[in-house]
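*Asks:* sequence and predicted structure below; questions after.
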Amino acid sequence: MNELTLPLAVGAVFGLGVYALIRALMPAKRSAVAQVARIDAMRARGAAYESAHRARQDGGGRLGSLRAHIGARVSEFYLQQGWEQRSLRADLAVLDRSWENFLATKMLLAVSGLFFGPFLFAVVWTLGFGSSPVVPVWLALLCAALFFVLPDLEVRRDAAEKRRDLRRVIGAYLDLVSMSLAGGRGLPEALMTAAEVSDGWATQRIRNALSDARITGISQWQALGQLGEELGVEELKDLSASLALVADDGAKVRESLASRAETMRHRELAEIEGNAGEKSQSMLVAQLLLCAGFLVFLIFPAAMRVFQV
């Protein structure tokens, strides 16, 4: 009887987990709060982004439609629970990735981890290192949790690199705007002219935000602030606030932009020097370890002779 209790308990826990997963992905009745939040999210992203996103999803065939369905269900579940994940959404916005596709990837990887854990246990059990039936359950849960978190780490790493590139572009962009203002252009024209100099992804995001400002009827510095809020870039939000204060005075605008660009350059140089210092320290530690290993290699034969005597 005791021999059957443990496998039954393991099967019950595994079945409960599968039921909870299926239940979470099943269509449910949308609440009023979730519906309003979904409409606001669609409005914030814009109709153009939604149509392009839907076209990318539909182009993947059956697998793409399944992934889109899973992503929509998980996103709706996040809305019902009130999990906004603003920092993660900002990272995805920097990388120009879809929130729904990201959630679908996380869920599919977690499900893969559920099957990878027992498979890993089967390999270990074949080698004769374990025989408890509880181990595959823990391995499945551990692998599922690990696979679920891995996309977050990748997105945060890639977003941090792209934000550094965006800050460098913003510094050069402010210099261009200041020079355009010195040439006699107005602030709206100078902002758009400076954004049209390059076709990089950063200037394209700025140019699209300024173009959308003309359509929606808001000021261009407000559009820059909204872009900074979407991407999680504090420099754009500070720029929007400073331009809103001195937008009517061209001389103050030039002074503010020039000082802000200089501050960003000094900050970037400080970060580069700090990174170079960290790398030099790492190289020094590696050289010390190499020397220590070489000394051990030289001293070991003599020490063995002494101890044998």
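*Replies:* Good, I have the coordinates. Numbering: from 1, shown residues only.
*Asks:* pLDDT weak spots in the stretch 151-300 of the chain?
*Replies:* Within the stretch 151-300 of the chain, the segments meeting pLDDT under 70 span 246-251.
*Asks:* which residues of the stretch 1-150 of the chain fall in helices?
*Replies:* Remark: helices assigned in the stretch 1-150 of the chain by DSSP state H, counting those that start in this stretch are 2-25, 32-45, 47-58, 61-81, 86-95, 99-126, 134-182.
*Asks:* and the ones you listed, which one averages the lowest pLDDT?
*Replies:* Within the helices of the stretch 1-150 of the chain, the stretch with the lowest mean pLDDT is helix 47-58, showing a mean of 43.
*Asks:* which parts of stretch 78-95 are buried?
*Replies:* Within stretch 78-95, the residues that count as buried by 16 or more other CB atoms under 10 Å are 78-79, 88-95. Every C-beta, even on glycine, is put in place using the N, C-alpha and C of the backbone.
*Asks:* output those residues in TSV, with distance to Leu114 appended to each entry.
*Replies:* Below are these laid out as TSV (distance: CB to CB, whole Å):
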residue	distance to Leu114
Tyr78	20
Leu79	25
Leu88	23
Arg89	26
Ala90	30
Asp91	26
Leu92	25
Ala93	30
Val94	31
Leu95	27
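*Asks:* from these, pick the one nearest Ala209.
*Replies:* Nearest to Ala209, judged by CB to CB, of these is Ala93 at 11.7 Å.
*Asks:* mind checking how far that closest one is from Phe102?
*Replies:* Ala93 sits 11 Å away from Phe102, going by CB to CB, to the nearest Å.
*Asks:* between the buried residues of stretch 78-95, which is nearest Ser198?
*Replies:* Nearest to Ser198 among those, counting by CB to CB, is Val94 at 17.6 Å.
*Asks:* list the residues that contact the residue lying closest to that closest one once chain neighbours are set aside.
*Replies:* Excluding its sequence neighbours, the residue lying closest to Val94 (CB to CB, 6 or more residues apart in numbering) is Ala159, at 4.6 Å. Neighbour list for Ala159: 90-92, 94-95, 232 [criterion: CB atoms under 8 Å, 6 or more residues apart in numbering].
*Asks:* against Asn275, how distant is Ala159?
*Replies:* For Ala159, the distance to Asn275 - CB to CB - is 18 Å.
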